[in-house]
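S.K.: Need a 3D model of the following:
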Amino acid sequence: MDTAFDFSAQFPLQKAPLVQCITNEITCESMANALLYIGAKPIMADDPREFSQLFEQTDALLLNLGHLSEQREKSLIEASRYAKAKKKPTVADLVGYGVSEIRNQTGKTLVENQPTVVKGNISELRHFCGLPSHGRGVDASALDQGEDHLTELIAAMKEISSQYPATTFAATGQRDIIVNQNRVVILNNGVDELDRFTGTGDIVGALIAALLGAGHDPFEATAGAISYFNLCGEKAKQESMGLAEFRHQTLNQLSLLMLENWFERVKGWKK
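M.R.: Next comes the predicted model:
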């Protein structure tokens, strides 16, 4: 049923969570600034020697598979273990899942440590769920996003969520799917231009982590972060012309859209 959503997880944040990000150099600055724009505090720390002290201070953790290296693999896995032991709210972003066996194995290890939220684009989540995918590199394929493909993916995500009952799973694309053991939502905001500058998925992962760090329910945090960023893109498209200007305006809207009743414009379906 088409419905409006009354999100409990919204921006602006009521507190400033400290979010530790283990991520790639390509989008590191964009993610850090995005967190600052919405009122969170980033720390981009990936040295395992700091983890025991960092985990006493941080409110949430983001683990991003982008630009994987041998050292980053070790940092991701060690941080994931710490997060499980400390019950730290954690987002695992399966960037490029399906590209290589080493990336797949690293992603599986992160998920086995039961993060709060697992996200990826629709092609990455199809790979993770064992479904055939047309995705190449870190980009989702339009061929994976037809109605039958989405129905198939929802069923597979439900099955995966039964194996990981404490985890919310999110697949982003032209429509965004969020699944946990009890709930399914399909979101329908956003514009095509969001697929045409790098780091959009990484920023969404950071926004989810910020809402988790502020104490919000994982399912609501995931829906709220995805919807907010997509609406930033919609607003930016109204105010920009070229893609460089669109990127600038999208990031600018992270600090501006929260001044409006943005959640009233969320579109989607509860299933």
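S.K.: mind checking how far Ile208 is from Gly107?
M.R.: 17 Å (CB to CB, to the nearest Å). In short, each C-beta sits where N, CA and C put it, glycine included.
S.K.: for the chain, what's the longest helix?
M.R.: In terms of residue count, the longest helix belonging to the chain (DSSP state H) is helix 218-239.
S.K.: give me the element Val19 is part of.
M.R.: Using DSSP states H and E, Val19 falls within strand 18-22.
S.K.: Run me through the strand neighbours of that strand, direction for each.
M.R.: Strand pairing for strand 18-22, using DSSP bridges, gives strand 41-43 (parallel), strand 60-64 (parallel).
S.K.: Tell me which of these is the most buried.
M.R.: Among the strands paired with strand 18-22, the stretch with the highest mean neighbour count (mean count of other CB atoms under 10 Å) is strand 60-64, at a mean of 28.
S.K.: May I have the phi/psi pair for the residue nearest to Ala170 when sequence neighbours are not counted?
M.R.: Closest residue to Ala170 apart from its sequence neighbours, by CB to CB, 6 or more residues apart in numbering: Lys119 at 4.2 Å. Per-residue torsions, Lys119: phi -130, psi 160 (degrees, to the nearest 10).
S.K.: Just grab the bridge partners of Lys119 for me.
M.R.: Asp93, Ala170.
S.K.: What distance do you get for it to Pro165?
M.R.: Lys119 is 17 Å from Pro165, by CB to CB.
S.K.: Kindly state which of the strands paired with strand 18-22 is positioned closest to Asp217.
M.R.: Counting by CB to CB, Asp217 lies closest to strand 60-64 out of those; the figure is 13.4 Å.
S.K.: what angle sits between that closest one and helix 218-239?
M.R.: Taking axes from the mean of the first three to the mean of the last three CA atoms, to 10 degrees, one finds strand 60-64 and helix 218-239 inclined to each other by 70 degrees.
S.K.: And the next helix or strand past strand 60-64?
M.R.: Following strand 60-64 in sequence order, the next helix or strand is helix 70-86 (DSSP H and E).
S.K.: ok, and for that next one, which residues are buried?
M.R.: Buried residues in helix 70-86, defined by neighbour count with 16 or more other CB atoms under 10 Å: 72-73, 75-80, 82-83.
S.K.: got it, and stretch 90-102?
M.R.: For stretch 90-102, using 16+ other CB under 10 Å, the buried residues are 90-99.
S.K.: one step back: could you check how far the helix or strand following the strand holding Val19 is from the centre of its chain?
M.R.: Downstream of strand 18-22, the next assigned helix or strand under DSSP H and E is helix 28-37. Distance of helix 28-37 from the chain centroid (CA atoms, centre = their mean, to the nearest Å) equals 14 Å.
S.K.: between Ile208 and Gly107, which one's more packed in?
M.R.: Ranked by neighbour count (other CB atoms under 10 Å), Ile208 and Gly107 place Ile208 first, with 31 against 26.
S.K.: ok, and the closest non-adjacent residue to the more buried one?
M.R.: Ala225 (4.3 Å).
S.K.: ok, the one you found - how many residues close by?
M.R.: Ala225, neighbours per other CB under 10 Å, totals 29.
S.K.: Please give me every residue in contact with it.
M.R.: Residues in contact with Ala225, defined by CB atoms under 8 Å, 6 or more residues apart in numbering, are 9, 204, 207-208, 210-211.
S.K.: out of those residues, who's nearest Gln20?
M.R.: For the contacts of Ala225, the nearest to Gln20 is Ala210 (11.4 Å; CB to CB).
S.K.: What sits closest to the closest one if chain neighbours are left out?
M.R.: Ala40 (4.0 Å).
S.K.: what about that neighbour, distance to Ala206?
M.R.: 8 Å.
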